[in-house]
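Enquirer: have a look; sequence and predicted model below, questions after that.
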Amino acid sequence: MKIGITYDLREDYLSRGLAEEDVAEFDSVETIQAIEGALAVLGHQTHRIGSIRSLTSDLAAGQRWDLVFNIAEGQNGFGRESQVPALLDAYDLPYTFSDPIVLGLTLHKAFAKHIVRDKGIDTPDFEVFERDTDLDGFRLPFPVFAKPVVGGSSMGISRASKICDPHALLSACQRLRNRFRQPVLVECFLPGREFTVGIVGTGPAARALGALEILLQPEAEPEIYSYANKRDYERLVRYRMADYGTAQPLMDLGLRVWKGLHCRCRPR
């Protein structure tokens, strides 16, 4: 099978003058090489496509693939992760992972939280702020947590994201809006342990593989899996698999969210 790979390469954007934090979501050459290697072992022929612009050029030139392995993040707009799958849909080309609707919905944390809540799944109370005057009617109890509403890879998240008073909240929202040019999600702060759940499959066939606990080291920014902690994870973070008793309810919850949002792995 001939498989094209769509992605955004970190070094391409750094060479255009973007800051390190602006390219936090993008991939390294090593990641692309690892994907190519895994697909080659399975007997497939791979072709590096790259970003949405490269994909557009290739399609216009008549290139086609049996399948596209899509991990492109996109750069511009709230629907940036939806751009590649939307274009592939237009050309009726199969691709891995979720469709444009799901990717657009899940990137926007507030929209995703509305859907999750509608499914009866607990999520911290939240508000979204686009301007300073939105804070006039703020009613959530402190401490709260603030972050860009469509950020990824902990962009914009630091020790200053945990906020304990209205003055700090106003300052944080102004800083994040100015830096990332998007609204700010503010939600009730949840203390405690942090886990991530790995899920594969689509619909009834979806299954959770396990739960991984994120353990911040003493020299890390405390309490928060921040951008700085994530960037320097080899020194500041330790990861360990959760035991079955701890992992099982987390895996069940992760699957409820996955299915509720109609996420998928298999090609369309």
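Expert: Noted; the coordinates are in hand. Residues are numbered from 1 along each chain as shown.

Enquirer: got the end-to-end distance for stretch 6-20?
Expert: Taking C-alpha to C-alpha, to the nearest Å, stretch 6-20 runs 21 Å from one end to the other.

Enquirer: who's in contact with it?
Expert: Here stretch 6-20 makes contact (C-beta atoms under 8 Å, 6 or more residues apart in numbering) with 22-23, 25-29, 31-32, 48-52, 55, 68-75, 84, 95, 231. For every residue, glycine as well, the C-beta is placed using N, CA and C.

Enquirer: which of those fall within strands?
Expert: Judged by DSSP state E, strands contain the following of the contacts of stretch 6-20: Arg48, Ile49, Gly50, Val68, Phe69, Asn70.

Enquirer: which residues touch the third one?
Expert: The one in question is Gly50. Contacts of Gly50 (C-beta under 8 Å, 6+ apart): Thr6, Tyr7, Asp8, Leu9, Asp12.

Enquirer: one more: Ala168?
Expert: By C-beta under 8 Å, 6+ apart, the contact list for Ala168 reads Ala160.

Enquirer: average model confidence for the helix or strand containing it?
Expert: Taking DSSP states H and E as the definition, one finds Ala168 inside helix 166-180. Taken as a whole, helix 166-180 has a mean pLDDT of 96.

Enquirer: for stretch 199-208, same thing?
Expert: According to the model, stretch 199-208 has a mean pLDDT of 95.

Enquirer: repeat that for stretch 106-124.
Expert: 97.

Enquirer: tell me which strands and helices the longest helix belonging to the chain is in contact with?
Expert: When the chain is parsed with DSSP state H, its longest helix is helix 244-260. Counting contacts by 3 or more C-beta pairs under 8 Å, 6 or more residues apart in numbering; DSSP states H and E, helix 244-260 is packed against helix 109-118, strand 194-200, strand 207-216.

Enquirer: please repeat the previous calculation with a cut-off of 6 Å.
Expert: If you count contacts as 3 or more C-beta pairs under 6 Å, 6 or more residues apart in numbering; DSSP states H and E, helix 244-260 packs onto strand 194-200, strand 207-216.

Enquirer: export these to TSV and tack on mean neighbour count?
Expert: Listed next are these as TSV, based on neighbours: other C-beta atoms under 10 Å:
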stretch	mean neighbour count
strand 194-200	15
strand 207-216	16
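
Enquirer: mind putting these into CSV with distance to Ile115?
Expert: Listed next are the helices and strands packed on helix 244-260 as CSV, based on distance: least, C-beta to C-beta, whole Å:
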stretch, distance to Ile115
strand 194-200, 17
strand 207-216, 19
